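S.K.: Need coordinates for the following:
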Amino acid sequence: MKAWLCGLNDEEHSSVSSILTFVGIEHSTSLTAFSLPDFVVLGQAIQSFELDEMIPVISLSDCLETVEGYNVWFCPLPWRSSSLSSVLKEIKQLHTFPQASGVNLNLHVRHLEALLIRQALVSTQGVVSKAAQNLQIQRTTLIEKMRRYNIDKSEF
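M.R.: From the prediction side, this is the model:
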């Protein structure tokens, strides 16, 4: 399994990272590290969340505003191995259920667009004008898309 760590402070990152490593789950703070993570771990500071894909979410806070349809588990730190293992089992089972027939093309296109923007920013070390040139779009268009997908150039 693979996890994306989003919005964790240093203390949360240290704690969550050591537990995920112990249970054998790959994890990264970079969304582009995986084609699509199996779940997302959100830091306590994150109050609302939306991704293009319906990825299961483990929130370190007590409450979280999400778009309807997300599978969300509220697991404040410190994690107990018994509670975490039950959540991970539920997440694994979600992947074994058959997918609904049909594909939401809009979601997949938005996911691909966000992924390409992140890759362009990584290759240009966060220089927006160079990333826009690589993507063959206007700099202002790229900035709007970065806002739409909550992409911060300081991540790169």
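
S.K.: pretty sure residue 134 contacts residue 120?
M.R.: Yes: in this structure, residue 134 is within contact of residue 120 by Cβ atoms under 8 Å, at 4.8 Å. (Each C-beta comes from the backbone N, C-alpha and C, glycine too.)

S.K.: Look at those two and report which has more neighbours.
M.R.: Set residue 134 next to residue 120 and count neighbours by other Cβ atoms under 10 Å: residue 120 wins out with 20 against 16.

S.K.: List the contacts of the more buried one.
M.R.: Going by Cβ atoms under 8 Å, 6 or more residues apart in numbering, residue 120 touches 131, 132, 134, 135.

S.K.: Is the third one located within a helix, as I assumed?
M.R.: Yes: secondary structure of residue 134, determined by DSSP: H, G, I helix; E, B strand; the rest coil: located in a helix.

S.K.: quick revisit: nearest to residue 116, of the contacts of residue 120?
M.R.: Using Cβ to Cβ, residue 135 is the member of the contacts of residue 120 that lies nearest residue 116, at 6.7 Å.

S.K.: residues touching that closest one, list them.
M.R.: 116, 117, 120, 142.

S.K.: Can you tell me which of the residues you listed are buried?
M.R.: Buried members of the contacts of residue 135, counted by 16 or more other Cβ atoms under 10 Å: 117, 120, 142.

S.K.: Show me those residues that map onto helices.
M.R.: 117, 120, 142 (DSSP state H).

S.K.: surely residue 27 meets residue 6?
M.R.: No: with contacts counted by Cβ under 8 Å, residue 27 stays clear of residue 6, the gap being 10.7 Å.
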